[in-house]
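*Asks:* below are the sequence and a predicted model for it; my questions follow.
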Amino acid sequence: MSRSERFLNSNETFRAPPLHGEILYSRNNVCIHPPSLLSNTVTHHAGFLTITANVKTGSYSLILNWSPTEIQKKSLEKCEKTETEEVLDSTEDGQPCIEVESSLSPFRSSLSESKRGYDDEPHHGVCFEEKASSEVNERSDLKQGRSAASSYHGFVIRPPKNQAFAAFNIDLAEMRSLRLFFRDDACMTGELLIASHESQYKMLHFHHAGLDCVAEIFKDWKSVIMDNKNKVKCQWIENFSFVLPSLSAPERHPEEDLYRGLTVETWALSVDEFGRLENKWSIQKAVFFGGVDKMLRSTVWPFLLKYYTFDSSIVERNEIREKKSDKYGRLNICREKLMATNEDGEFWKNVACSIEKDVLRTDRANPFFSGEGNPNLEILERILLNYSVYTKTSYTQGMSDLLSPLLMEIREESDVFWCFVGLMQRTIFISSPSDSDMEKQLFYLKELLRILLPGFYEHLMLCGSGAFELLFAHRWILLCFKREFSESEALKIWEACWAHYQTNYFHLFVCVAIIALYGRDVVESKLACDEMLLHFSQLSMQMNGDLVLRKARGLLHTLRLSAVPCTLSEMFYISDSEHQDLPKIKCIREKACDGGCPHGGTIEQSNSVRYKLGKLLTQSL
Amino acid sequence: MSLKSKKEPQPQPQRRVFKVIVIGDSDVGKTCLTYRFCSGQFQDKTEATIGVDFRERMVDVDGELIKLQLWDTAGQERFRKSMVPHYYRNYSSFQNLPAWIEECNKYCSSSGGIPRILVGNKSDLKEKSEVDTNTAQRYADSHCMPLFEASAKEDKDFANIEAIFLTLAHKLKCHKPMMSGDYPSMKRATVLSIDKELVRKNSDSYCANC
């Protein structure tokens, strides 16, 4: 039986409850990533984790203690000082009381197992992490910038002077939920997310195995509590779940894993003697399912962003390039003149001012943009200014974030500019100065949630109208997940969206996938709007991008199979594709559908409606 | 997550959470200000905030441990527009806001409306200051809010920044009875914004914080 199957089928033999104070688990090198203010910079802080049983009359709980490796090395005095504020009654003396019971309680085995693991590889992990942390530290300490919610600081009265990496104790009985997110197929590594009733979060990273043991302990604990006759109320153990690193067969897109992504070889094979691409369709599919090889990005992105058409030859592309380069040069001169003259002076001054501010704050952790007076910053600024003049619109925050990866990969200023123009047109979001595009996106997302995640949708209804603004998804959509995932994962998501495979709105399926995988706590703990926002912002840079992408492809497939309601029909229409692959559209009798569905949906009997419609709708049917 | 567990397994009263929303022009230092308060550190480089970020810190207000939850918003109006009304709407509709403030005044006679504070950030850049203290003070006075000048960058100014938020926490605490009494669900409530006019008027180095 595979490990993941074991987690699902919990028919383990009953184990006797542990004794009070017994250490059930201990492991070094469990990481905390302090909130960073810059995305894509992670500082690892390795520490020592112990889980201790806290058994008293009428209460079964686990105490989770984490203390940083660095502090352990420092004087004991200091260590105690840091801990005193947070230490629990079970460890009153400042030291966890270690039961040296010789009887072989079942839990002993897991203890010795974990201890053995620790002894076997104490240096490998620790050294690695420490090096990493001290290196990254100097750099990223200067930088950190953004971060959602630092659960961190909630634990201490005073922010520690050196770093906010103080040891902490958590009584799991006081927690709201426990979520385990496994990373690898063997279910050894991953993240443990603990949320308190006050919506404070702690995330522990198990980079080098160990999460499997933790999961076992929680599972055992759950059965101990469930078997307890005095039924203690225990929310945390009820709200305890796993996210496995793989999807079950029905959740997967049937074509998943058939495509390895676009590699240098496959690309070379798809091009004919004139440089024309022979099978656009299969290229789009390859990109959609597997992304583009990093080496190929500068070659392939201009096609995905409609700078070149797939059927153009090399000669034609060179012509286009030359023409566009001239045009860009003229635009640049024009813009310089415009900025110099006083015509609409105030407007352009404001635009230039906000661009300048944002350029200095864009991806500065990336070596490509680092350092004072980096010439790439000037290019970034120039392109944004020219774009503003070209479209005669103001600059909108977030544009610099979307542009910077293009500049990093494509490099040549004029090419980057035209690709950016393509991106802005194709990506739909952020492209217009009005908010109507955003509203449309949110409407579609809402509809998708209603159909694909009815449980979550119902929760939103209970929260009231404010919840339907889907505030937590705004940044996802506006920056296309750039701040939610590591750079490589985010770019893979971008490419999957740019493939425009079956829909122009794949990013919305990615949103639904995130909620499907990581939103369980929202529904189970009945989080209010602001707590929901907090929940998802906690998870940024912590989620498994590959898994989310797979889930999103699966959701797209599911929706297409179940017939698309006519309100969403536009999502599946790809304007310039000769290969229209429209799913079955079903009229759901919206107001606009009186006297014939304008979306071409077929009307079905209400009893054949397979999915849950909103209350109102059900009534009207 | 609680700091200390109780000796007895009695139901712990839920810790109160005060929310503070920080608004102001782009690049005035909202992120740095909140980060300094919550972590004690200054970040030289930050990213433009898109949407809203959260930062939190526990504070001791007259012996009660309170979580201050800072909502660090985006400076550019486009996103704030969708943010700020939502913040109010959690508890009451945006349209009802004037009535709500009135109600607030009725119960909390000590101050007018919901607590607001004006912060002039980047006080370390004295030579570049575009707003002199007197002007800012007059403006703050006319809107019944305290003015703080601070620098998220200067280490020695940390106490000053703490004072800003602690003042706010105290002010909020005095507003609390009316909140929790009338609307039990609002125990996590409050604190509103400053008007945009003010932010613009105070130009670059001022960030309004409510």
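*Replies:* All right, it came through fine. Numbers count the residues shown, from 1 in each chain, chains lettered A, B, ... in the order given.
*Asks:* and the strands in chain A?
*Replies:* Using DSSP state E, the strands of chain A run over A:23-32, A:45-56, A:59-68, A:168-171, A:175-182, A:190-196, A:201-206, A:240-243, A:564-565, A:585-587, A:602-603.
*Asks:* for the closest residue to A:Leu193 other than its chain neighbours, what are its contacts?
*Replies:* Distance criterion Cβ to Cβ, 6 or more residues apart in numbering or on different chains; nearest residue to A:Leu193, sequence neighbours excluded, is A:Arg179 at 4.5 Å. C-beta coordinates here come from the backbone N, C-alpha and C atoms, glycine included. By Cβ atoms under 8 Å, 6 or more residues apart in numbering or on different chains, the contact list for A:Arg179 reads A:192-193, A:195, A:240-243, A:520-521.
*Asks:* beta partners for A:Arg179?
*Replies:* A:Leu193, A:Ser241 (DSSP bridges).
*Asks:* could you check the pLDDT of it?
*Replies:* With respect to pLDDT, A:Arg179 scores 89.
*Asks:* gap between it and chain B?
*Replies:* 14 Å (Cβ to the nearest Cβ, to the nearest Å).
*Asks:* shaky segments in the stretch 501-621 of chain A?
*Replies:* For the stretch 501-621 of chain A, the stretches with pLDDT under 70 are A:575-580, A:591, A:603-621.
*Asks:* same deal with chain A?
*Replies:* Chain A contains residues with pLDDT under 70 at A:1-17, A:39-40, A:57-58, A:71-165, A:228-236, A:427-435, A:575-580, A:591, A:603-621.
*Asks:* same check on chain B?
*Replies:* For chain B, the ranges with pLDDT under 70 are B:1-15, B:24-25, B:75-114, B:116, B:126-132, B:139-140, B:142-143, B:175-210.
*Asks:* quick one, helices of it?
*Replies:* For chain B, applying DSSP state H gives helices covering B:30-39, B:77-89, B:97-107, B:133-142, B:158-182, B:196-201.
*Asks:* which positions in stretch A:549-559 come out as buried?
*Replies:* A:549-557, A:559 (16 or more other Cβ atoms under 10 Å in any protein chain shown).
*Asks:* can you show me the CA trace of that stretch as PDB?
*Replies:* In PDB, the C-alpha atoms belonging to stretch A:549-559 read as follows (Å, rounded to 0.1, in the frame of the first residue of the first chain):
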ATOM      1  CA  LEU A 549      -1.800  23.600 -12.300                       C
ATOM      2  CA  ARG A 550      -2.800  20.000 -12.600                       C
ATOM      3  CA  LYS A 551      -6.000  20.600 -10.600                       C
ATOM      4  CA  ALA A 552      -6.800  23.600 -12.800                       C
ATOM      5  CA  ARG A 553      -6.500  21.500 -16.000                       C
ATOM      6  CA  GLY A 554      -8.700  18.800 -14.400                       C
ATOM      7  CA  LEU A 555     -11.300  21.400 -13.500                       C
ATOM      8  CA  LEU A 556     -11.400  22.800 -17.000                       C
ATOM      9  CA  HIS A 557     -12.000  19.200 -18.300                       C
ATOM     10  CA  THR A 558     -14.700  18.600 -15.700                       C
ATOM     11  CA  LEU A 559     -16.600  21.800 -16.600                       C
END
